[in-house]
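Colleague: I would like the atomic coordinates for the input below:
(one chain, ligands or ions: 1)
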Amino acid sequence: MIRYLAAATGIALLDRIPGGTRIYRRLGELTQAKRRGYELPLLRAGIRTVQQSLELTDPGDRIMDLGTGWYFKDALLYALAGRFEVVAYDVRDLARMGYVHNYLDLLAAHADEIGQAWELPVRPIRERLDDWRRCDKLESLLTAAGIERIVGPADCMPIRDESLSHISSYCVLPHVPLALLTEELRELHRCLRPGGHMLHLIGYEDHLSFYDQRVKPFSYYRFEDRTYRLLFESSLKYQNRLLWPDFRDLFESAGFTVLEETGLIDDNHLAAIERLQPELPKRFRRHPVRELAKTHSWALLRKN
Ligand SMILES: C[S@@+](CC[C@H](N)C(=O)[O-])C[C@H]1O[C@@H](n2cnc3c(N)ncnc32)[C@H](O)[C@@H]1O
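Modeller: You can find the predicted model right below:
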């Protein structure tokens, strides 16, 4: 718990002092320089995202990776498939060429696996990667990969009505405050063509618990909103603590149909959550134990 509190306090402090955001990001760069981009489970999730989009789209379709992050994880995979116009959208610029090169190395090491998963010949995949790995500037890489990069607001995207065929995000929506999320889903609905799909990976685990293995990833449901906001919330590591039923209602209110939701449940935690549930604030207590035990959801939606 001490590590958890230290992380929460440190991050909240950096969030409030002038220059704190810069220090937080710099610390992230120093600690992650060799690791970020090399995460194989994340690559495999991305391979699956693109595999699903290949089944739902046509060649030449315009596709968006929302909240594209530090190294354009899914945007580069879409580009690697060689059949989409790709938009990489984020509300801030987190990308660093060092992380991108880590990721390109990982892609090259798994080119066969990628080709097999997508049922595409591996040779063009390798050729694209060779070409991209020669780029030493982000801008030249994005040009070579044909990725349109946009850093812009969430609630007013500089994207034409109904010009996207498909949108996906990976661990983005849990980081958006409720009011903005409501606006952003309306905006995504505007940008997506009728019948177009969205695929979102939503993670529910308390990200501060990653600093302290003794703290359970669902313990943050214990706190009332006011207490949580005061002690733990920060814009640097913001989490909205929404659960799947909340997301489902938001998607439906924005005009999407939920076609499929695959929830991943940590069975090891079920008994503990069952014991904890009666003590939780009303906002969380009203949800079934299996919702509280979910670590992630994959949600596939269609624009009505
Ligand atoms: C945990 S990171 C995930 C990055 C990337 N999707 C990946 O898997 O590597 C969350 C990302 O969401 C972005 N983000 C935060 N709020 C957003 C919003 N309202 N709309 C779009 N992206 C947002 C952040 O800037 C960050 O890049």
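Colleague: now the residue in the stretch 51-200 of the chain that the ligand sits nearest to. Nearest residue, chain neighbours left out?
Modeller: As assessed by CB to the nearest ligand atom, the ligand sits closest to residue 69 within the stretch 51-200 of the chain, at 2.5 Å. All C-beta atoms are positioned from the backbone trio N, CA, C, and that covers glycine. Of all residues not flanking residue 69 in the chain, residue 94 sits nearest, at 5.7 Å (CB to CB, 6 or more residues apart in numbering).
Colleague: where does the one you found fall, secondary structure wise?
Modeller: Counting by DSSP states H and E, no helix or strand carries residue 94.
Colleague: tell me the helix or strand right after the lengthiest helix in the chain.
Modeller: Secondary structure assigned by DSSP state H gives helix 40-56 as the longest helix of the chain. Following helix 40-56 in sequence order, the next helix or strand is strand 62-66 (DSSP H and E).
Colleague: just the strands in the stretch 151-300 of the chain please.
Modeller: All strands of the stretch 151-300 of the chain, identified by DSSP state E, counting those that start in this stretch, fall at 164-170, 192-203, 256-265, 294-303.
Colleague: nearest to residue 25, out of those?
Modeller: For the strands of the stretch 151-300 of the chain, proximity to residue 25 was assessed by CB to CB; strand 164-170 is nearest, at 19.9 Å.
Colleague: ok, residue 250 touching residue 185?
Modeller: Yes - in this structure residue 250 lies within contact range of residue 185 using CB atoms under 8 Å: 5.9 Å.
Colleague: and the two? Which one has more around it.
Modeller: residue 185 (24 against 17; other CB atoms under 10 Å).
Colleague: check that one and give its pLDDT.
Modeller: Per-residue pLDDT puts residue 185 at 98.
Colleague: contacts only, for it.
Modeller: 250-251, 253-254, 256 (CB atoms under 8 Å, 6 or more residues apart in numbering).
Colleague: next, count neighbours for the residue lying closest to residue 102 once chain neighbours are set aside.
Modeller: With sequence-adjacent residues excluded and distances taken as CB to CB, 6+ apart, residue 102 is closest to residue 37, at 3.0 Å. For residue 37, the neighbour count with other CB under 10 Å is 24.
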